[in-house]
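S.K.: Below: sequence and its predicted model.
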Amino acid sequence: MALNGTPAADTPLLEVRTLSVAYGRKAVALNAVNLTVPKAGVVALLGANGAGKTTLIRTVSGLIRLHNGAITGGEVLLEGKSIAGLSADRIVRLGMGQVPEGRLVFKNLTVEENLQVGGAILPRATLAERLDAVYDLFPRLAERKDQAAGLMSGGEQQMLALGRALAASPRVLLIDELSLGLAPLIVGAIYQQLKKIREHFGTALLIVEQNARLALGICDYAYVLERGEIVLAGPAELVAASERMHESYLGARAERQAAAG
Amino acid sequence: FESPQDGVYEDRIDWGVTGDMSGPAAGSQHPWVKGFQSRMHLVNEKGGINGRQINVLAEDTRYDAPSERIAYEKFASQTPVLGMSGMGNSSAQTALVPMINRLKVPVVGTYTTAKASVEPTNPLIYGGFCGFKQMAQVGVGHFANSLKLDKPKVATVHLDVASGVEFNGYMDEAVKKLGGTNVSIPIKVVAADATPQVLALLDAKPDFVAIHGVATTSLLVLKAMQQYGVDVPSFAITYLGTPSVYQSVGEAAGKNYHFVSCFTPASAASPEAAADLIAQAEKDGHGALQDDINFVAGWVVAGLVAEAITEAGEEPTREKLVEILNDGFELPASGLSSKLVYTSKDHEGLKVLQPIGYDYATKKFKSFGDYADFEQYVN
Amino acid sequence: MLVQFLLTGLALGSIYGLVALGFAVIYKAERVFNFAQGILMVCGAYLAYTATTQLGLPFPVAVIVIIAAAALLGIVIQFLFIRPLSGQPLLPVIMITIALSIILKALIEILYGVQPKPLATSLPTGVLILGDVRLSQLNLTAAVVSWVCMGVFFAFFRFTKAGLLMRATADSHEAAILSGVNVNRINAGAWAIGTILAVIGGVFLGQIQLASTELEHIGLLALPAVVIGGLQSIPGAIVGGILVGVIEQLASGYISPKARDVFIYIPLLIMLLVRPWGLFGNRELGRV
Amino acid sequence: MTSVSTSRTAMPIDEFAPSAPARQKAAARPLRWLWLAVAAAVLVYLPFVLHDRAILGYRLSNIQLLNVGLAQLNLTLIAVLGAVSLNYLTGCAGLVSIGHAAFFAVGAMAAAATGAQLGLPFLVSLVAALIAGAAAGVLAGLPSLRVRGLYFVLSTMALHFIVVFAFSEYQYAAFDVFGISYPQPAIGPFALDSALKWYFFLLPIVVLCCLACNYSLKHREGRALLAVRDNEQAASSSGIDVRVLRLKAFAFSSAIASLAGALQAYYLTTVSTELYSLNLAISFIAMIIIGGMGSIAGGVVGALVWLLLPSVLTGFAGELGAAGGGLAKIFVEHRPQVVNLIFGSLVAVLLIFAPGGIVGAARKLTKLVRPGAEA
Amino acid sequence: MAATDNPILRVDGLQMRFGGLTALDNVSFTAGEGEVTAVIGPNGAGKTTLFNCITGMYRASAGRVSFAGQDISGFAPHRVARAGMARTFQNLALFPGLNVRDNLLVGAYRHGASGLIEGAVLGPRARREQAAAEDRAAEILEFLGIPELAEAMPGELPYGRQKQVEFGRVLMQDARMILLDEPMAGMSRPEKTLMVALIRNVRHRYGVSFLVVEHDMPVIMDISDHIVVLDFGRKIADGPPAKVQQDPAVIAAYLGSEEAGQAVFAGAA
Ligand SMILES: Nc1ncnc2c1ncn2[C@@H]1O[C@H](COP(=O)(O)OP(=O)(O)OP(=O)(O)O)[C@@H](O)[C@H]1O
Ligand SMILES: Nc1ncnc2c1ncn2[C@@H]1O[C@H](COP(=O)(O)OP(=O)(O)OP(=O)(O)O)[C@@H](O)[C@H]1O
Ligand SMILES: [Mg+2]
Ligand SMILES: [Mg+2]
């Protein structure tokens, strides 16, 4: 079901068309999914556990093959050009950054080295500048520059993962479950930083989030995924206001029940 | 006449060969198998034996006792053969003696001879290679004599494995008989260097050196001797008689190095004696092997086998073969080997050896006389 | 005598160190414990045989040909054998390197025959005499080459971007891809380097001995060397190699050659128990 | 696949459902017994086929019998013990070991000391081998208390060299250089003096050992072992004493390997130190990888493939070579090398395309064919 | 304060240093029997480290931990577990090679005594224990509402389901106290609601005590009787939810005050 309004019509930055993906032979994870991220837009992808959000992110970023999944139909376009067949590292170099689910940092490298690897696709001169920008966004990382990333706390690693993705100055950033395991203050702060990122760098964001309220707070446009299919799509305000959304994700009713019981 | 349980058919006779063709001893045993096969090709091309072709079934046993056991049982009943040759792992041979006594497939021409196979003399086992004992006797005798040594001081560099310890024992015996002394200097099969051994040599100040091992052993010892200025003659066991050692140590170190052997490399033999071997080796694509002592040994043993089968007559069986061999069997010296004698009490076969060296100018091996000249040292 | 043993051990150990270094580079980049390192060394000896004896190339040309062939070999191996197994646990990857060594050994034996081949290169073969001590110039050359390689690779991993990316790839494959690193190219590069180092070691050993598949077993001595030095450490590999060389000399000289393995592996065991990350290695990071 | 749906009917939160446990019983019980009976019949009849080289009087050629003989089968049975015990240790307990040949050596030494030196009966020396193996296993497992992964692998390699050294010292001191000779094994008045008798002695031992390994994994401590393999921390926080359990697993596995070593020594009648090479240890690893790690069946299948395949290949290579032709010449000239080449390539192909080994691939296949059915 | 009346867990001056970093600095608190105690604090505050020290995964540099009247300082993890304390892990710790039922069965380990050999020879005790554990696992799967997943492999399940399986394994331990490290991270709101209900249920039926680390404030406020707040390894607050929520130090260090906090707090009851 699509709510009124579609994102800006001129060539979108990222477009997913009738995409279907399966793991192994049978496990269909995505079924004819359509999704668009406009230039410098912020799009949220919501859905319950196992809905296929991570799968979508992996497919867009080309990592799906590493996880034994395969595209069974549809296409992924970056500025109108198909990227479905490209290798993941090519896609990154085309300007697609990703913060994966579960903080994949280089455990044995220092924070600084992690960021350097993140920005390795940039020319040396711009890299230093870019790293400074990242340190500005996350002062905690600057404090821990020389610590091995593997020894940082969960939340610190999450910041590092975000910082590393930003270091490559991507045009579009895919973020999978950013708030997972983060303290409220940090979540709030990071979401503030996301806004800044978009304003300062013009980076488009595709945010996968369990915390629907949080995501709806910053996005322009939202999609809701259920069992591999888009069941709801529209501008943030409309999605936030929809009955279905309230029932399933914002959980007003369930919460009241729990409080009573 | 056919006797399939003995590997004899209307038109062919199956004969088994085991050897290490891809394992640690392949460097010497593989050429031996090739020599054996080449000789049998020649026999077959000349019409076979009593109208039967000799079909060689070669099993790669990788210097491994279980594989040797499996191969032997295969030859006994699975793909029955009239007899077999090879068996180049002395431990495996020791292990097989009870099995040989039970299954009764004669082993004609062993590549090495374990004590258990010859003591007591076993009617089913016949040696096909120069024995360590004779190698020690001829080597010590010849050097003591030609260097005019009264009480020779000898050092034996040997591998720290079964055969090396055995060889050193025979060296002890041979040297003691002349009233001399022998120092044992062990070395590992897998070594990158022989410095400790040569420093021990420096210490021992021997009149000459005996070397037991693989080609690399000789090479390392010779190079290290040269490096440390140990300039004494040396001789190696038969198995090391391959041109590659001489070629890679170079003339300075190689001219004083010899090996003792009951076989003659093609280039050291008279042209007529070696003609067949050279022609057949070329034909079979083994031109490079013709001067390899192991190839010659395989060739000679195949000749022995062919002769034994011929003598066993139109209707050969395992039993008849054993009868022929055990009952006083002789092959005269052929120019490629010394004479071979089996009696009911002694199955060692090739007992006379000669020292052989390498002539760098002609790139040929040269022997130091006739086998008969060295018979004196053997008992 | 002691000095002699020490110096010979040092020179010889440098060759082990060279092979160990190749081993460490591959391990560092791809977490592959390469049991085929020994046979790669053998490939080096035979490549040299082909280049010098069979093709009769002048030595400097031969060296270039050998190194290029080694790099190609490493890349092909990585492509055919290692890449398909990326992400698999320790044992299958160890096993495929064992399968690889079976295959390479068979190929060498088919191409060259099983008899060892004498190898003659223009490397110096004379003797250097320093008072009582005599050293083979060949061993010394090998030692110098190993030390140079060590320096080069240490700097490479520490200071270059390619080195950093290699370390990152070793750490997490997936995260490296997500940073836009072409991990296949990085890994192929590591294999090329590892193979080149093994092959250089093989040329030296082939020259010291003979070109023969039995050299493989000497390659095995690189294993304790890397562990004693520290699995991922560049200087560790060389120092470990030298230690193994010295231990080998002392054990063979003063006790018995038979005891060599025990004297190499007992320190290894002690090292594992006391300081598993080796003399120069780093502790693997781990937290719950 | 169950995915969370938002309109889920509530689960019985406020009610424990003490319903009868739905423990699954194999629906196809009679069929299973039938299979077992067929398998048993085949195992009993097989040695006679190999011995007579015929099935029910119908003669088979060597190639039809895959170039396999009874001695080979017996040695394979012994190797199955080695592979299964290694799989127990490596596949199930997660301890990768390349020191497994050392336990064969330990068994052979124990049997030498008791059987050959003290003249104790065969069965007694087998028990001695079991005990010695268990004790050696505990010692070999000690490094597992300190080191993990690759480092542990190397400690087992160190163990290998140390044991082999001990073996050769023992052999040279107490026996002669050619090896240790074992007396004729006998069980009471019955001498094990033919391949057939050996087969029927070995078969039940192997079957029992496989069953024992299998059963142990389906009960408390065995399952705990699998848990430790998968996640050490979670296992220890479930109350499992990881260190002690690992040592137990080591003792269990090496006792079986040591038993196999003693049996092998008796079977071969004489063994020497060279038999216990690193290659032997590596071949056990190859077996479990080929067969499939972590399952007992994997060990069995792997041992069969590793030991029988080369002989089968050799047989066919012989036939092919006889057929003549250009490529056939390489076959004839370099048969052992070609066999090794094919064999190594097969292992590599298996590793790449069937990382779960043959057993894993078979399970996947049955799952595809009959969804829901577990092999 | 209820917690101190009847403590089941007493942490006393706990200190943990990693090289130069002090991850826990003289932390003391108590958790009451049958209560839910929450530990909150910013990322890197030392919450997981605290769990690791209590359960023996790390050996604390100083301080004591006593549990149910027994001093468990310095106990190895398995001894802590045997003393009746169970835990889950921040990043999920299942046994991927075992199916869901077997994962649960491992939880029953501490109730058995049969050894490897007994299992190998199908000894009566081993079989008895096995049957008992299987019955219990079936019950718990039923309780969690996932009986149909018994044969599934954990890797095939979505994250939330895996968390449930881990919880099930912990239930199998029949522990007196359960430590949950971010049990609801990655769960959707309805799933969180169910999890909260589960925790309540277990606590009420069996009087099990809980120590919970969680960043979801509504949930924390909802279920906990008592909250301990850490920051930079130090305890900065300790008390009932209502009081802690108001504590200025906590707001400054953790909850935040402006929009950030609001976004998160919007769902609070
Ligand atoms: N590597 C894989 N192999 C097989 N199935 C998989 C794999 N990864 C995910 N799946 C399945 O695909 C479906 C979608 O999973 P996905 O991870 O995309 O969900 P998600 O929306 O990101 O969930 P969560 O919120 O839990 O992260 C699930 O049913 C999951 O079990
Ligand atoms: N094994 C270790 N070695 C070194 N430092 C460590 C180790 N474990 C934790 N630390 C450090 O201790 C601090 C506390 O980490 P901890 O994991 O306990 O935080 P946390 O409160 O659980 O945070 P989060 O909510 O992000 O999971 C962090 O700064 C971390 O870097
Ligand atoms: Mg996800
Ligand atoms: Mg934490």
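M.R.: Yep, it's here. Ligands and ions are numbered 1, 2, ... in the order given.
S.K.: Surely D:G292 is in contact with D:G356?
M.R.: Yes - counting by C-beta atoms under 8 Å, D:G292 touches D:G356, with 5.4 Å between them. Using the backbone N, CA and C atoms, a C-beta is placed for each residue, glycine as well.
S.K.: Which of those two has more residues huddled nearby?
M.R.: Neighbour count, other C-beta atoms under 10 Å in any protein chain shown: between D:G292 and D:G356, D:G292 has more, with 27 against 19.
S.K.: now that one: how far from D:Q72?
M.R.: Taking C-beta to C-beta, to the nearest Å as the measure, D:G292 falls 22 Å from D:Q72.
S.K.: now B:G19
M.R.: B:G19 is 18 Å from D:Q72, by C-beta to C-beta.
S.K.: Those two: which has the busier surroundings?
M.R.: When B:G19 and D:Q72 are compared for neighbours, B:G19 comes out ahead with 33 against 24, by other C-beta under 10 Å.
S.K.: How far does the biggest helix by length in chain C sit from its chain's centre?
M.R.: Longest helix in chain C, counting residues (DSSP state H): helix C:2-30. Put simply, helix C:2-30 sits 8 Å off its chain's centre (C-alpha atoms, centre = their mean, to the nearest Å).
S.K.: tell me the average confidence for the helix or strand following that helix?
M.R.: Next helix or strand after helix C:2-30 toward the C-terminus (DSSP states H and E): helix C:37-48. Taken as a whole, helix C:37-48 has a mean pLDDT of 95.
S.K.: What residue in the stretch 101-250 of chain E comes nearest to chain C?
M.R.: E:D181 (9.2 Å; C-beta to the nearest C-beta).
S.K.: pretty sure that residue contacts E:Q90?
M.R.: Yes - shown here, E:D181 and E:Q90 form a contact pair, counting by C-beta under 8 Å, at 4.3 Å.
S.K.: wait, what's in contact with B:E166?
M.R.: Residues counted as contacts of B:E166 (C-beta atoms under 8 Å, 6 or more residues apart in numbering or on different chains) are B:90, B:115, B:132, D:177.
S.K.: For it, give its distance to A:N114.
M.R.: B:E166 is 63 Å from A:N114, by C-beta to C-beta.
S.K.: again with C:P257
M.R.: 49 Å.
S.K.: the more surrounded of these two?
M.R.: Higher neighbour count among C:P257 and A:N114: A:N114, with 28 against 22, using other C-beta under 10 Å.
S.K.: just to revisit the earlier point, find residues that contact each of E:D181 and E:Q90.
M.R.: E:48, E:213.
S.K.: Who has more neighbours out of those two?
M.R.: Counted by other C-beta under 10 Å, E:D181 and E:Q90 do not tie: E:D181 has more neighbours, with 25 against 19.
S.K.: confidence score at that one?
M.R.: Note for E:D181: predicted pLDDT of 91.
S.K.: quick one: contacts for it?
M.R.: Going by C-beta under 8 Å, 6+ apart, E:D181 touches E:47-48, E:51, E:87-90, E:213.
S.K.: E:L92 now?
M.R.: E:159, E:162-163, E:166.
S.K.: so which helix or strand takes in it?
M.R.: Per DSSP H and E: nothing holds E:L92, as it lies in no helix or strand.
S.K.: how much space between it and ligand 4?
M.R.: 13 Å (C-beta to the ion, to the nearest Å).
S.K.: So for B:R39, what's the nearest residue that isn't a sequence neighbour?
M.R.: Of all residues beyond its chain neighbours, the one nearest B:R39 is B:A302 (3.4 Å), with distances taken as C-beta to C-beta, 6 or more residues apart in numbering or on different chains.
S.K.: buried ones in the helix or strand encompassing that neighbour?
M.R.: Using DSSP H and E, B:A302 sits within helix B:293-311. For helix B:293-311, a neighbour-count test (16 or more other C-beta atoms under 10 Å in any protein chain shown) marks B:293-309, B:311 as buried.
S.K.: What residues does residue 205 make contact with?
M.R.: Because you didn't say which chain, this covers chain A. A:37, A:41-43, A:172-173, A:175, A:194, A:197-198, A:219.
S.K.: looking at chain B here, not the other one
M.R.: Going by C-beta under 8 Å, 6+ apart, B:K205 touches B:K153.
S.K.: Give me the neighbour count for the residue in chain C that ligand 3 sits nearest to.
M.R.: Ligand 3 sits closest to C:E174 of chain C, with a gap of 14.5 Å, by C-beta to the ion. For C:E174, the neighbour count with other C-beta under 10 Å is 15.
S.K.: The helix or strand that it is a member of - contacts with which helices or strands?
M.R.: Element membership for C:E174 (DSSP H and E) is helix C:173-178. Other helices and strands packing on helix C:173-178, by 3 or more C-beta pairs under 8 Å, 6 or more residues apart in numbering or on different chains; DSSP states H and E, are helix A:88-93, helix C:161-171, helix C:183-208.
S.K.: now these as a markdown table including mean pLDDT?
M.R.: A markdown table is the format used below for the helices and strands packed on helix C:173-178 (pLDDT from 0 to 100):
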| stretch | mean pLDDT |
| --- | --- |
| helix A:88-93 | 91 |
| helix C:161-171 | 89 |
| helix C:183-208 | 92 |
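S.K.: out of the ones you listed, nearest to chain D?
M.R.: helix C:161-171 (13.3 Å).
S.K.: what comes up buried for the closest one?
M.R.: Across helix C:161-171, burial judged by 16+ other C-beta under 10 Å covers C:163-171.
S.K.: So which of those residues reach chain A?
M.R.: C:164-165, C:167-168, C:170-171 (C-beta under 8 Å from any C-beta of the partner chain).
S.K.: Can you tell me which of the residues you listed lies closest to C:M150?
M.R.: Distance to C:M150, by C-beta to C-beta, is smallest for C:R167 among those, at 16.9 Å.
S.K.: Touching, the closest one and A:T110? I think so.
M.R.: No - assessed by C-beta under 8 Å, C:R167 is found out of contact with A:T110, at 10.6 Å.
S.K.: Next up, identify which helix or strand the residue found closest to B:Y170 once you drop the neighbours it is linked to in the chain is on.
M.R.: Distances taken as C-beta to C-beta, 6+ apart place B:A136 nearest to B:Y170, at 3.8 Å, with adjacent residues excluded. According to DSSP H and E, B:A136 maps onto helix B:132-146.
S.K.: Contact residues of the stretch 151-261 of chain A facing chain C?
M.R.: Counting by C-beta under 8 Å from any C-beta, the stretch 151-261 of chain A sits next to chain C at A:151, A:164-165, A:168.
S.K.: again, only this time at 10 Å
M.R.: With C-beta under 10 Å from any C-beta of the partner chain as the criterion, the stretch 151-261 of chain A comes near chain C at residues A:151-153, A:161, A:164-165, A:167-168, A:170, A:174.
S.K.: Compare the residues you listed and tell me which has the most neighbours.
M.R.: Within those, A:R164 tops the neighbour count with 28 neighbours, counted by other C-beta under 10 Å.
S.K.: For the residue in the stretch 151-300 of chain D that ligand 4 sits nearest to, report the pLDDT, please.
M.R.: When scored by C-beta to the ion, the stretch 151-300 of chain D has D:Q233 as its residue closest to ligand 4, at 14.0 Å. In this model, D:Q233 is scored at 91, pLDDT.
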